[in-house]
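Colleague: Return atomic coordinates for the entry below.
(one chain, ligands or ions: 1)
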Amino acid sequence: MLEPEIEALERDDLLKLQNGKLAALGERLARSPEWVEHFRQAGLKPGDLADRQALEALPFLEKSQLRERYPLPMLGVETAAVQRFCATSGTTGLPVLFGFTDNDIDLLARQVARQLYSHGVRPGDRGYNGFGFGLWAGGLAYDIGMAELGVTNFPLGPGRSDLVVEWLKDMEWTLATVSPVFLSSLIRAAKEKGIDPKRHWKLQHAVIGGQSVSRAFRDELEAEMPEGFRSFNTYGTTEAGGPIVASTCPWSHERDEMHLMNEDSVLVEILDPETLTPVGPGEVGELVVTTLDKEASPVVRWRTRDLVRVAEHSGGCPCGRKGMGAIGRIIGRSDDMLKVRGVIVYPSQIEDVVAATPGTVKEAWQIYVDQPGSSPNSVTVAIEQENGYNGNPDDLAAAVGRSLTSRLGLKVPVECHPAGALPRYEAKAQRVLVRS
Ligand SMILES: [Zn+2]
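Modeller: Have a look, this model is predicted:
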């Protein structure tokens, strides 16, 4: 552990730390008219934010509330004290801007360095930062996180795969931060050039962020890589301050879980998306985050809409993070949760089936519904047939259809397209589309 005095805290001590920071957050928010107004609408004031129990009485923060306060919503400091802005991808409407003060940037660097260290990355490692830059927080976060830990950074960003596959060999990069789809395209590009990733690359750690991937997809990636290589899931959002909410250690990687790695600075509630009350171990809920240390753009009870399963046992990991919560992979968005003829369907269930069926393109699949909203009358799943697959597309569609029926308890029509026909996504994929 990079900061064992925090990371190894017992649960009770961690909660005490959070409570103290909540009260300090309330004091800071009391100086911001927008925040005072936000609390007032719920009949409260920021000073009520005394502990975790008080937090549970507070209103949620929704994207629509930030949009109403365009262009610079809910800042906790003067704009002049903001060092830079980041933004959400803006796939639905204008991007929403989130500021970072100098202290916020330092915080982000420490949060990311802690995660990198937990993956096994050490000072002296060589990192290829393949995340995007500009307004997206991903590139920035890993630039400063690598600097904080003492990793030598090659900030090439995404794209230029011809160069990346050569430099993975020649520069002996041991760490890569990439989207999983890009990493799998790099493996293909390397092989076309006669480079064998297993023998010619030195890569040991990949931070695969921006997209949630199935375990089958992850296992397939790892099998193509040098001995000892692991890909590490991370989860975060711009609203929470970057890709820093949850991340894997080598043991939680085996269990396909993530620790809530920065719970001392990001408080996480996991709530039933319908009743908005906490769910228990093993249950599925929506992540709701409160930033405890952020100055420029704090959030209090931000509804991420991302659904996860709470781990059965959060303590007791051999890494020693006994007080931190643990979650499974992101299984979809509460917006994307569908109720089809009375059966709940998460996009991740469909992803798992597609990924586990030989002959499909793992990253390209869609769910088409006949009307907006979470209770469509009809659902169709679209997949792609991999180039070079010899089978018949109708048989491939039928195989996926059979697995879906047994997995979901629901008969779903499946259509099979040639490789490249369906949309690709750089950041968060939009799996559910309306098609009438
Ligand atoms: Zn662990």
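
Colleague: Going by C-alpha atoms from here, please, whenever you check contacts or count neighbours.
Modeller: Will do.

Colleague: Can you give me the distance of the residue nearest to residue 391 when sequence neighbours are not counted to the ion?
Modeller: Closest residue in space to residue 391, ignoring its immediate chain neighbours: residue 359 at 7.9 Å, by Cα to Cα, 6 or more residues apart in numbering. Per Cα to the ion, to the nearest Å, residue 359 is found 34 Å from the ion.

Colleague: can you check residue 266 too?
Modeller: Residue 266 is 18 Å from the ion, where distance means Cα to the ion.

Colleague: Look at the nearest residue to that residue once chain neighbours are set aside and report its pLDDT.
Modeller: In space, and not counting its chain neighbours, residue 266 is closest to residue 291: 4.7 Å by Cα to Cα, 6+ apart. On the pLDDT scale, residue 291 is placed at 98.

Colleague: Spit out the contact partners of the residue nearest to the spatial centre of the chain.
Modeller: A centroid search over the chain (Cα atoms, centre = their mean) returns residue 235, at 2.9 Å, as the residue closest to the centre. Contact analysis of residue 235 by Cα atoms under 8 Å, 6 or more residues apart in numbering lists 209, 210, 243, 244, 245, 246, 247, 330.

Colleague: what's the answer for residue 17, then?
Modeller: residue 264.

Colleague: From the contacts of residue 235, which land in strands?
Modeller: Counted as lying in strands by DSSP state E, out of the contacts of residue 235, are 243, 244, 245, 246, 247, 330.

Colleague: Tabulate the residues you listed (JSON lines), appending distance to residue 273.
Modeller: Output for those, formatted as JSON lines (distance: Cα to Cα, whole Å):
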{"residue": "243", "distance to residue 273": "22"}
{"residue": "244", "distance to residue 273": "22"}
{"residue": "245", "distance to residue 273": "19"}
{"residue": "246", "distance to residue 273": "19"}
{"residue": "247", "distance to residue 273": "23"}
{"residue": "330", "distance to residue 273": "14"}
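
Colleague: Nearest to the ion, out of those residues: which one, please.
Modeller: Of all the ones in strands among the contacts of residue 235, the ion sits closest to residue 247, with 9.3 Å by Cα to the ion.

Colleague: Quick check, that closest one in contact with residue 260.
Modeller: Yes - with contact defined as Cα atoms under 8 Å, residue 247 counts as touching residue 260 (6.7 Å).

Colleague: The two: which is more packed in?
Modeller: More neighbours surround residue 247 than the other of residue 247 and residue 260, with 30 against 24 (other Cα atoms under 10 Å).

Colleague: quick one: the residue nearest to residue 266 from residue 192, how far?
Modeller: 45 Å (Cα to Cα, to the nearest Å).

Colleague: and if you look at residue 61?
Modeller: 48 Å.

Colleague: So for these two, which sits in the more crowded spot?
Modeller: More neighbours surround residue 61 than the other of residue 61 and residue 192, with 18 against 10 (other Cα under 10 Å).

Colleague: How about the contacts made by that one?
Modeller: With Cα under 8 Å, 6+ apart, residue 61 has these contacts: 299, 300, 301, 302, 303.
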